[in-house]
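Visitor: Need a 3D model of the sequence below.
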Amino acid sequence: MVPNKFNILFLTSWYPNKIEPKNGNFIQQHAIATSKFCNVAVLHVLANNQDEDFQIEEQTQAGVYEVIVYYKKIKSTFPVISQLLKLKKRRVAHLLGYNKILNKIGTIDVCHLNVVYPSGDFALYLKNKFKIPYIISENWTSLHAPYYNSLNPMMKKLISTTFDNASVICPVSEDLKKSIQKISTNNNYQIVPNVVNTDVFYPTQKIPEKRILHISNLKNEHKNITGILDTIKELSKIRTDFKISIIGDGDYEYFIRYAKKINLPENLYKIEGAKSYHEVAELMRAHDMFLLFSNYENLPCVIAEALVCGLPVLTSNVGGTSEMVNETNGIIVPPANNIELLKQLNSMLDNLNSYKTHEIANEAKNKYCYESVGRKFLQVYQNIINSKLEK
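Guide: Model prediction:
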């Protein structure tokens, strides 16, 4: 750890781990961005099928010290008892990881909670027990109505209490901020977007060949893959001078079957499974536009990555997408409107040459790079610590 830098605890509800290697990878990118200016230690706990009560893994990568604590899954058949036992196990797991981090970096200046639930209770504990202030970075779609309304009352109470006691709330978009304002009385907000590793994602000069790319988790209720395929089928009746690649870590074989079911010409599409971080960047450089037709979103990392690679983006107007895409770098359509998607997709394919790749990339890089996002968090920490010293 570097002297004279703030010590920041990244307390995470989601984070890449051995069970879910891609879970919360955008949080890991935030941690790396912050580590350019601060000493950052990550603490993540989660349940696992294991014989031991607790397993602790630690590593340092990209300048970030990571501690992940796995606790033995609770198998009680009584819901109330199961929930109480789980809360107890999580608290012990958090304390084990927290003490290991203290032994490594010493005192914590600010706790940076990432996603309010379920780790918010430990941020509250640290504030009440040790007077450690916390901020919240938020990217959870369940905070939007009507999803939030379906959460149980105890969960909603913890969420609102955690938001209320945060020094600053940092949603990734203005749209998410509006939803949080309906949950919490807290008035301290600083929008900080998701981050892109611009050493991996960058543009290349190429002649557009009408190659469309979609990358997601392939969850149809979320990403509306069937809506994309139905639209591509209609597009194929108008033109065949394009090809679409659909890539993701979900059930991609289902969509291969669906494409065959609707008789989509096989020479016009490719549907494949998950790719690595670097492979995603290579795919973006090998395509000419990016397509996302989601039913709901917050601030999709994949759009930021596509823009940093200089790709124009065609996306549905959900969550914070309208804060990312404008007439200079893409087109926005209403969600679930296949007719409008068809119209705009056809138009974008005809006008790919009008988009300025390097201008799109440079604007996105300035907004989403490590330097920009890391400095935003540093300023938030400085304001909190200065305010604390003045009291």
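
Visitor: Where do the helices of the chain begin and end?
Guide: Assigned helices in the chain, in chain order: 25-35, 79-105, 120-130, 153-164, 174-181, 220-223, 225-236, 252-261, 277-285, 301-308, 338-350, 357-368, 370-390 (criterion: DSSP state H).

Visitor: neighbouring contacts of the last one?
Guide: Read it as helix 370-390. Residues lying outside helix 370-390 but in contact with it, judged by CB atoms under 8 Å, 6 or more residues apart in numbering, are 6, 8, 30, 32-38, 109-110, 112, 133, 135, 167-168, 170, 190, 192-195, 197-198, 366. For glycine as for every other residue, the C-beta is placed from the backbone atoms N, C-alpha and C.

Visitor: Enumerate the positions of stretch 359-373 that are buried.
Guide: By neighbour count with 16 or more other CB atoms under 10 Å, stretch 359-373 contains the buried residues 360, 361, 363, 364, 365, 367, 368, 369, 370, 372, 373.

Visitor: With stretch 24-35 instead?
Guide: Along stretch 24-35, the positions that meet the burial threshold by neighbour count (16+ other CB under 10 Å) are 24, 26, 27, 28, 29, 30, 31, 32, 33, 34, 35.

Visitor: Hmm, residue 244 and residue 212 touching each other?
Guide: Yes: with contact taken as CB atoms under 8 Å, residue 212 and residue 244 are classed as touching, separated by 4.1 Å.

Visitor: any common contacting residues for the two?
Guide: In terms of CB under 8 Å, 6+ apart, residue 212 and residue 244 are both contacted by the residues residue 291.

Visitor: Give me the pLDDT value at the nearest residue to residue 118 once chain neighbours are set aside.
Guide: The shortest distance from residue 118 to any residue that is not its chain neighbour, by CB to CB, 6 or more residues apart in numbering, is 5.8 Å, and that residue is residue 13. Reading off the per-residue confidence, residue 13 sits at a pLDDT of 98.

Visitor: roughly how far apart are residue 13 and residue 123?
Guide: Applying CB to CB, to the nearest Å, one obtains 10 Å for the distance of residue 13 from residue 123.

Visitor: Give me the common contacts of the two.
Guide: Listed contacts common to residue 13 and residue 123 are residue 113; contacts here mean CB under 8 Å, 6+ apart.

Visitor: Does the residue nearest to residue 118 touch residue 117 like I think?
Guide: Yes: applying CB under 8 Å as the test, residue 13 and residue 117 come out as touching, 6.2 Å apart.

Visitor: of the two, who's got more company?
Guide: Looking at residue 13 and residue 117 with other CB atoms under 10 Å, you find the greater number of neighbours at residue 13, namely 20 against 17.

Visitor: Now the more buried one. Its backbone dihedrals?
Guide: With angles defined as degrees, to the nearest 10, residue 13 shows backbone torsions of phi -80, psi -30.

Visitor: can you check the one 4 residues further on too?
Guide: Backbone dihedrals for residue 17, given as degrees, to the nearest 10, come out at phi -150, psi 180.

Visitor: mind listing what residue 34 touches?
Guide: Under the criterion of CB under 8 Å, 6+ apart, the neighbours of residue 34 are 8, 10, 40, 112, 374, 377, 378.

Visitor: which two in those residues are spaced the farthest apart?
Guide: The most widely separated members of the contacts of residue 34, counting by CB to CB, are 10 and 378 (13.8 Å).

Visitor: So which of these two has more stuff around it?
Guide: The neighbour comparison of residue 10 against residue 378 (other CB under 10 Å) goes to residue 10, with 26 against 18.

Visitor: just checking, that one touches residue 41?
Guide: Yes: using CB under 8 Å, residue 10 is in contact with residue 41, at 6.8 Å.

Visitor: what residues are shared contacts of these two?
Guide: Common neighbours of residue 10 and residue 41 are listed as residue 64 (criterion: CB under 8 Å, 6+ apart).

Visitor: For residue 139, which of the helices of the chain is the nearest?
Guide: For these, distance to residue 139 was read as CB to CB. The smallest value, 6.6 Å, belongs to helix 25-35.

Visitor: can you state the direction angle for the closest one and helix 277-285?
Guide: Taking axes from the mean of the first three to the mean of the last three CA atoms, to 10 degrees, one finds that helix 25-35 is oriented at 100 degrees with respect to helix 277-285.
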